[in-house]
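**Q** I'd like to go over a predicted model; first the sequence, then the structure.
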Amino acid sequence: MRICILFMALALALTGTTQAGSKKEIEKPAFDKTIARQMIDNSIQRFELAEDVSVDDAIESMQLRANMLNFKMVADLPLSEQVQAMGQDANYMRILAFCDALIAKKMVEYNIIFAGFLPCRVAVLEDSNGKGWIVTMNMDMMLHAVDLPENLQPLAQQVRDTIYEIVDAGVNGDL
């Protein structure tokens, strides 16, 4: 009986090795938690809403500014409403996504890594104290992390400047 169990264990081990060998192995890079936290912290920007600006004012201002700058709002994800629909309390949280599809196309054609950043997401939320915030990607970090050819540099700068102008309108409630 013991030999039978050992044989079955060996057969399973060999089967696993054969299957793993037939699949594409994904190499996992070394992981340093401290460096990962710093990278995430540096890749995100947080902006406190001006004292007299509500989250609804901020969203309306960003939508109007994006429209004025010819930047499309391509998604609106009311996450806190979804959580509440699932029966739990939630602080206000809504994700807006903005994009210039033609610039996005060119960036992804150059390097598919840009697809992971599309569209530009801007979160509007209230913290546990009821204070409003806008959170988005650090566009400067994204802009300088990849060597772009000369023809794409001005387009990437245009996206950065446009997103920052949209965020600024939201922070200050500028209509």
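**A** Happy to help now that I have it. Numbering: from 1, shown residues only.
**Q** for residue 96, helix, strand, or coil?
**A** Three-state call for residue 96 (DSSP: H, G, I helix; E, B strand; the rest coil): strand.
**Q** show me the contacts for it.
**A** Residues in contact with residue 96 (CB atoms under 8 Å, 6 or more residues apart in numbering) are 59, 62, 63, 73, 75, 76, 77, 121, 122, 123, 124. The way it works is simple: take the backbone N, C-alpha and C, and place the C-beta from them, glycine included.
**Q** among those residues, which one has the most neighbours?
**A** Within the contacts of residue 96, neighbour counts (other CB atoms under 10 Å) peak at residue 62, which reaches 27 neighbours.
**Q** list the contacts for it?
**A** Per CB under 8 Å, 6+ apart, neighbours of residue 62: 96, 122, 124, 134, 166, 167, 169, 170.
**Q** in which helix or strand would I find residue 165?
**A** Taking DSSP states H and E as the definition, residue 165 sits inside helix 153-172.
**Q** name the residues that touch that helix?
**A** 47-50, 53, 58-59, 61-62, 64-66, 69, 71, 98, 100, 103, 106-107, 120, 122, 124, 134, 136, 139-140, 142-143, 148, 174-175.
**Q** same check on stretch 74-94?
**A** Residues contacting stretch 74-94 (CB under 8 Å, 6+ apart): 55, 59, 95-99, 119, 123-128, 132.
**Q** which of the residues you listed fall within strands?
**A** 95, 96, 97, 98, 99, 123, 124, 125, 126, 132 (DSSP state E).
**Q** in the chain, which spans are strands?
**A** For the chain, applying DSSP E gives strands covering 44-48, 72-77, 93-99, 120-126, 132-137.
**Q** in TSV: these, plus mean pLDDT and distance to residue 37.
**A** Formatted as TSV, these follow (pLDDT from 0 to 100; distance: least, CB to CB, whole Å):
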stretch	mean pLDDT	distance to residue 37
strand 44-48	94	11
strand 72-77	95	25
strand 93-99	96	22
strand 120-126	96	19
strand 132-137	96	16
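**Q** one step back: what subset of the ones in strands among the contacts of stretch 74-94 is buried?
**A** With neighbours counted using 16 or more other CB atoms under 10 Å, the ones in strands among the contacts of stretch 74-94 contain these buried positions: 95, 96, 98, 99, 123, 124, 125, 126, 132.
**Q** so for the fourth one, what's the nearest residue that isn't a sequence neighbour?
**A** Spelled out, that is residue 99. residue 119 (3.6 Å; CB to CB, 6 or more residues apart in numbering).
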